[in-house]
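**Q** Build me a model:
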Amino acid sequence: MSISRVIAGDYQGQLVTVSWKGEAVINNSIPLNKTTVSSYDLVNETQRKSATSAVTRAAIGGFLLGPVGLFAGLSAKSKGKYTISINFFDGRKSLIEVDDNVKNALIKALY
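**A** Next up, the predicted model:
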């Protein structure tokens, strides 16, 4: 599991998590929602596959279904890492690097 955090700008080095309310927050105290965030932009998206998972799925798929199963196993689910630029209403700016869970909570809160 990757660690989501602020990588540049205001709040640099602080963790970004999903609260018990399902809301993305910085340092467990700064909510990322419509009352605090004026805009956001997805700067970069990196997809990576779990190598162990892909090899295991390919082996099982190849054994059970032959070449088609081998290909299906190698196309294992990707895990995303996203770089998002956040602009706050108070003029602060942060560049955050987050995983799928935080990205989804952020988009849901800002929709």
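
**Q** Show me the shaky parts of the protein.
**A** Low-confidence regions of the chain, defined by pLDDT under 70, span residues 1-2, 45-79.

**Q** please redo it, this time with the cut-off set to 90
**A** 1-3, 21, 44-80 (pLDDT under 90).

**Q** And the helices in it?
**A** With helices called from DSSP state H, the chain shows them at 51-65, 67-74, 100-110.

**Q** what number of residues lie near A105?
**A** By other Cβ atoms under 10 Å, 22 other residues sit near A105. Glycine gets a C-beta too; all of them are placed from N, C-alpha and C.

**Q** Would you check that it makes contact with T17?
**A** No - using Cβ atoms under 8 Å, A105 makes no contact with T17, being 9.1 Å away.

**Q** what residues are shared contacts of these two?
**A** In terms of Cβ atoms under 8 Å, 6 or more residues apart in numbering, A105 and T17 are both contacted by the residues A24.

**Q** correct me, but K103 touches I84?
**A** Yes - K103 lies in contact with I84 (Cβ under 8 Å); the separation is 7.1 Å.

**Q** if you count what's nearby, which of those two comes out ahead?
**A** I84 (23 against 20).

**Q** so what's the closest residue to V16 other than its chain neighbours up against?
**A** Excluding the flanking residues, the one nearest V16 by Cβ to Cβ, 6 or more residues apart in numbering is S4, at 4.2 Å. Neighbouring residues of S4 by Cβ under 8 Å, 6+ apart: 15-17, 96-99, 102.
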